[in-house]
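Engineer: sequence first, predicted model second:
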Amino acid sequence: MKQLSQVFWKTMLVMVICYGFMTSHAYAVDQVDMKAIPEWSIMWGDPPGGLEGVSTASPNQWIKINNGKSSPEKPEEVSSAWIRLQLPSKVPKDYGIYIEGIHAQNLWVYIGDRLVRETKFDFPVDSQRSLFSISSEDGGETVYLKLETSMGRLGIHSAIKLDDYTALTRTFVLQDLPDIILGCAFLFMSASMLICSFFLKKSQLTNWVLVSILNLTLGFIFITYSSFMYANFTNYGDLFSALFDMSLAIFLPALTYFFEKIFDDGKYKLIRWFRKFQVLYSIFLITFMLVNQLSNYRFNKVYFFASVTVLGFIMISQFILMIVCSIILVRRGNKEAIIFLSGFVMLAFMSTLDLIYFYASSQNYQFFFWKWGVVGFIIVIVVVLGRRFAINQEHMINYSKELEFYNHQLQLSEKMEIISALAASVAHEVRNPLQVTRGFLQLVAARTDDKNKEYMGIAIEELDRASVIITDFLTFAKPQLDDLVDLNVSKEISQIEGIIVPLATLHGGRITVSVPNDLHIQGNSSKLKQVLINIIKNSIEAFQVDGQIHIWAYLKNDEVYIHIKDNGEGIEPAQLIKLGEPYYSTKTKGTGLGLMITFRIIEIMKGHIEFKSQKYIGTEVIIRFPAITIK
């Protein structure tokens, strides 16, 4: 585990350093002193005559916009627009124009009446960027851009930059390179974790695989979010769009399930219901996405509403719910919750900030802050997962020590039971001859002289002393619980959970306990725990696939009933009646002494034990003790 932890930390450190370096370098390049077109104009719609109709359009049809400002919001019925800008009269050699933010599915670029670039997206992605070169002969020419879309956004929302073509190309490439590198790093980490999962135990596998899925989906989200992929691999745009939507639909319920497994463990029904709702909604989205693609995006507007607007509100609700639950756990002193909350608050804050900007800008905003939130959150998840492995390892070590102690105590108890049974048998057979011998010595002493009477008295005293010793042997053979105290059944069972639950987890099972706090009996605490551990241990050793043990208790007819039910391999009816006999066991290496001791202790505590079992279905043990009332 230490080696895995070191690999994770090194990987995350490299990811953060690379991402920070590439991002800062990209922005440093972006901040190079690039010239900009001072202003440009936009015209909604597509006038008759194509480019000729546009070039002869009246000035009133054009809306002037200062460079760096976004286009005005698209009119409802419009699906196309023309952009016009004027090149300087003198253009240096090997220059180019770079437009970082364009909202359009189809783009045509004309310099004068010459078509220099054409880009068509036959998939529902309307965010792209464009870079094209201009020559010194193009000085003073007018550049026209025709934009078309079937989606809700249309126009330019960034500056139009004019500079050396090589510098612009560097900016164009480096703009999305950090996202692609980070996405590939997530994919690599996910693949490494999935390979490592083959060497993990079942109890550790679920959380590990969930983190692998989170990394896998985040890797695809980072890569397919990049405009660079759509601009340079247009033929695979459908695949990139589908991967992004599927990854996001899988990431959200997987995140909720991870939170549920780490912290909740079924305690809060609201989280479980929300996770099931997310799973159903994700299945709906993925199905809707496939139907939309197969129908050539006929339902794209409805799908956009379901996959962006509705899903955005679901994400915000998810963040709020998980933050509230984390705060509750923090108030209860859960250290892992403190770590998780710090990372999740950062992710939630960054993502919410992006969503606010997105909706406030009429959905023209390009998400950015969430990337740093994700990096921080994944680091936190790795820390929580590492702590959980460390805690499990510590539990296993403590369990091994406690199991060794209880095994020693059990072996000692079994030996004492054998000795006591032998002592009872010998004492019973020896005491009767001693009593007869004492009686005859008394008769002989009455008829002898004083000197012999003294010897006879000494012999009788020694016989009496031997009788006392034999009586002690009988007491040892049938131990009495002199230190009887009032026992709270719930408290006694909770004290053995820390010992027995790790054993069940080690065998791939789980234990559920439902015991009220107001059940009280009279007995010996250590002996009662010995009884319960013996029975539960037998149930664990009978586990099959997906082993489960349910422990519950209740009060009925002035008796406390304790039920221990498993779904193990079960016991044949002929074997049930022999349980508790010395040296009889259903296990290959069993001695039967454990159950014999259990029966004896329950009998001494004035209790009763009953077994119900069906082969290959499971076994139920019912123990009942006289109830006492605590005033």
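Structural biologist: Now that the structure is in, tell me what you want to look at. Bear in mind the structure is a predicted one, so any value in this text is a computation, not a measurement.
Engineer: check contacts around Ile63.
Structural biologist: Ile63 makes contacts with 41-43, 72, as judged by C-beta atoms under 8 Å, 6 or more residues apart in numbering. Bear in mind the C-beta positions are built from the backbone N, C-alpha and C, glycine included.
Engineer: for Gln614, give its distance to Leu576.
Structural biologist: Look at Gln614 and Leu576: by C-beta to C-beta, to the nearest Å, they are 11 Å apart.
Engineer: what's the closest of the contacts of Ile63 to Tyr95?
Structural biologist: Ser41 (21.3 Å; C-beta to C-beta).
Engineer: does that closest one fall in a helix, a strand, or a coil region?
Structural biologist: Under DSSP: H, G, I helix; E, B strand; the rest coil, the three-state class of Ser41 is strand.
Engineer: now do the strands in the stretch 451-600 of the chain.
Structural biologist: 485-488, 509-514, 520-523, 547-556, 559-566 (DSSP state E, counting those that start in this stretch).
Engineer: check which helices and strands the first one sits against.
Structural biologist: Here strand 485-488 is seen to pack against strand 520-523, helix 525-541 when contacts are counted using 3 or more C-beta pairs under 8 Å, 6 or more residues apart in numbering; DSSP states H and E.
Engineer: what's near enough to touch the residue nearest the centre of the chain?
Structural biologist: In the chain, the residue lying closest to the centroid (C-alpha atoms, centre = their mean) is Phe258, at 1.9 Å. Contacts for Phe258 (C-beta under 8 Å, 6+ apart) come out as 207, 210-211, 214, 381.
Engineer: can you rerun that using 6 Å?
Structural biologist: Phe258 is in contact with Leu210, counting by C-beta atoms under 6 Å, 6 or more residues apart in numbering.
Engineer: what's the average pLDDT for the helix or strand where it lies?
Structural biologist: Using DSSP states H and E, Phe258 sits in helix 237-259. Averaged over helix 237-259, pLDDT sits at 89.
Engineer: ok, and for it, which residues are buried?
Structural biologist: 237-238, 240-259 (16 or more other C-beta atoms under 10 Å).
Engineer: against which helices or strands is the helix or strand just after that helix packed?
Structural biologist: As assigned by DSSP H and E, the chain's next helix or strand after helix 237-259 is helix 269-294. On a contact count with 3 or more C-beta pairs under 6 Å, 6 or more residues apart in numbering; DSSP states H and E, helix 269-294 meets helix 237-259.
Engineer: per-residue confidence at Ile630?
Structural biologist: Note for Ile630: predicted pLDDT of 73.
Engineer: kindly export the helix holding Phe258 (C-alpha atoms) in CSV.
Structural biologist: Output in CSV follows, covering the C-alpha atoms of helix 237-259 (Å, rounded to 0.1, in the frame of the first residue of the first chain):
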residue,chain,number,x,y,z
GLY,A,237,-16.6,14.9,-33.7
ASP,A,238,-19.7,12.7,-33.2
LEU,A,239,-17.5,10.3,-31.1
PHE,A,240,-16.0,13.1,-29.0
SER,A,241,-19.4,14.6,-28.3
ALA,A,242,-20.8,11.2,-27.3
LEU,A,243,-17.8,10.5,-25.1
PHE,A,244,-18.1,13.8,-23.3
ASP,A,245,-21.9,13.4,-22.6
MET,A,246,-21.5,9.7,-21.5
SER,A,247,-18.5,10.5,-19.3
LEU,A,248,-20.4,13.3,-17.5
ALA,A,249,-23.5,11.1,-17.1
ILE,A,250,-21.4,8.4,-15.5
PHE,A,251,-19.1,10.7,-13.4
LEU,A,252,-21.9,12.3,-11.4
PRO,A,253,-23.6,9.1,-10.0
ALA,A,254,-20.2,7.5,-9.5
LEU,A,255,-19.1,10.4,-7.4
THR,A,256,-22.3,10.1,-5.3
TYR,A,257,-21.8,6.4,-4.9
PHE,A,258,-18.2,6.9,-3.8
PHE,A,259,-19.3,9.4,-1.2
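Engineer: how far away from the center of its chain is that helix?
Structural biologist: Mean-position distance between helix 237-259 and its chain equals 16 Å (C-alpha atoms, centre = their mean, to the nearest Å).
Engineer: report the mean per-residue pLDDT for the helix or strand containing Phe377.
Structural biologist: Assigned by DSSP H and E, Phe377 belongs to helix 369-446. The average pLDDT within helix 369-446 is 72.
Engineer: stretch 183-197 - what's its average pLDDT?
Structural biologist: pLDDT averaged over stretch 183-197 gives 85.
Engineer: what segments of the stretch 51-200 of the chain are strands?
Structural biologist: Under DSSP E, counting those that start in this stretch, the stretch 51-200 of the chain gives strands at 63-66, 80-86, 95-103, 106-111, 114-120, 127-134, 142-148, 155-156, 160-164.
Engineer: tell me which of those strands sits nearest to Tyr406.
Structural biologist: Closest of the strands of the stretch 51-200 of the chain to Tyr406 is strand 127-134, at 64.0 Å (criterion: C-beta to C-beta).
Engineer: just the buried residues of the closest one, please?
Structural biologist: Buried residues in strand 127-134, defined by neighbour count with 16+ other C-beta under 10 Å: 127-132, 134.
Engineer: would you point out the most distant pair within those?
Structural biologist: Maximum pairwise distance among these (C-beta to C-beta): 23.9 Å, between Ser127 and Ile134.
Engineer: Leu487 reaches Ile521, doesn't it?
Structural biologist: Yes - counting by C-beta atoms under 6 Å, Leu487 does reach Ile521; the two are 5.4 Å apart.
Engineer: what's the nearest residue to Met605 if we skip its chain neighbours?
Structural biologist: Gly523 (4.2 Å; C-beta to C-beta, 6 or more residues apart in numbering).
Engineer: for the one you found, which residues count as its bridge partners?
Structural biologist: For Gly523, the beta-bridge assignment (DSSP bridges) gives partners Val485.
Engineer: that one: neighbour count?
Structural biologist: Residues contacting Gly523 under the criterion other C-beta atoms under 10 Å number 24.
Engineer: on that earlier part again, same list, the helices and strands packed on strand 485-488, but as CSV with distance to Tyr455 and mean pLDDT please.
Structural biologist: Below are the helices and strands packed on strand 485-488 laid out as CSV (distance: least, C-beta to C-beta, whole Å; pLDDT from 0 to 100):
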stretch, distance to Tyr455, mean pLDDT
strand 520-523, 50, 91
helix 525-541, 47, 85
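Engineer: nearest to Met189 among these would be which one?
Structural biologist: Among those, helix 525-541 sits nearest to Met189 (C-beta to C-beta), with 35.3 Å.
Engineer: helices or strands up against that closest one?
Structural biologist: Looks like helix 525-541 contacts helix 489-506, helix 593-604 (3+ C-beta pairs under 6 Å, 6+ apart).
Engineer: can I get these in CSV with mean pLDDT, distance to Ser400 and mean neighbour count?
Structural biologist: Output for those, formatted as CSV (pLDDT from 0 to 100; distance: least, C-beta to C-beta, whole Å; neighbours: other C-beta atoms under 10 Å):
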stretch, mean pLDDT, distance to Ser400, mean neighbour count
helix 489-506, 85, 9, 18
helix 593-604, 74, 20, 20
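Engineer: contacts only, for Glu462.
Structural biologist: Glu462 neighbours (C-beta under 6 Å, 6+ apart): none.
Engineer: that one and Gln442: what is the separation?
Structural biologist: Applying C-beta to C-beta to Glu462 and Gln442 gives a distance of 14 Å.
Engineer: what's the closest non-adjacent residue to Ala81?
Structural biologist: In this structure, Ala81 finds its nearest non-sequential neighbour in Leu147, 4.8 Å apart by C-beta to C-beta, 6+ apart.
Engineer: what does Ile37 give?
Structural biologist: Using C-beta to C-beta, 6+ apart, the closest residue to Ile37 is Ile160 (4.5 Å).
Engineer: same thing with Gln61?
Structural biologist: Met43 (5.1 Å).
Engineer: right, and the one you found touches Trp62 too?
Structural biologist: Yes - with contact defined as C-beta under 6 Å, Met43 reaches Trp62; the gap is 5.1 Å.
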